[in-house]
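Novice: next input, structure requested:
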Amino acid sequence: TRGQIEMVNDTPLIEAGEKVTASQAALLQKLSIEPFTYGLKLKSVYDNGSLFDAKVLDITDDVLAAKFSDALKMLASLSLAIGFP
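Specialist: The predicted model follows:
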């Protein structure tokens with residue numbers, strides 16, 4: 001018969017940045033714990049021959065709304081200046 005594992009206390013198995021051994025991976029698999037997460041850490045953005053810092057992509061809804069409002073004001077001013085209602 002198969003036994004069960006009961007965890008009664010927090011037991012750190014690995015630390016962030018450490019390589020996972022085969023036995024650690026087997027234990028994590030038995031516990032249905034995924035040992036890895038994958039993702040990208042964006043450092044730079046390349047667009048049309050220009051290289052930008054990744055911070056240019058950090059746009060909040062407030063910043064977007066403010067820029068849109070500024071664009072509408074500019075459009076209204078331009079329309080008024082050329083006499084287009």
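
Novice: and the residue lying farthest from the centre of the chain, backbone torsions?
Specialist: Seen from the C-alpha centroid of the chain, the residue lying at the greatest distance (CA atoms, centre = their mean) is G83, 46.1 Å away. Reported as degrees, to the nearest 10, the phi and psi values for G83 are phi 80, psi 30.

Novice: all helices for this structure, in order.
Specialist: 22-30, 61-82 (DSSP state H).

Novice: can you tell me which of those helices is nearest to R2?
Specialist: With CB to CB, the closest approach to R2 among the helices of the chain belongs to helix 22-30: 10.1 Å. Heads up, the C-betas are built off the backbone N, CA and C, glycines and all.

Novice: check which helices and strands that closest one sits against.
Specialist: The contact analysis (3 or more CB pairs under 8 Å, 6 or more residues apart in numbering; DSSP states H and E) places helix 22-30 against no helix or strand.

Novice: need the winner for burial among the helices of the chain.
Specialist: helix 22-30 (a mean of 12; mean count of other CB atoms under 10 Å).

Novice: export that one to CSV, keeping only CA atoms.
Specialist: This file holds the C-alpha atoms of helix 22-30, laid out as CSV (Å, rounded to 0.1, in the frame of the first residue of the first chain):
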residue,chain,number,x,y,z
ALA,A,22,16.2,15.2,-8.5
SER,A,23,15.0,14.1,-5.1
GLN,A,24,13.6,17.6,-4.3
ALA,A,25,11.8,17.6,-7.6
ALA,A,26,10.3,14.2,-7.0
LEU,A,27,9.0,15.3,-3.5
LEU,A,28,7.5,18.5,-5.0
GLN,A,29,5.8,16.4,-7.7
LYS,A,30,4.3,14.1,-5.1
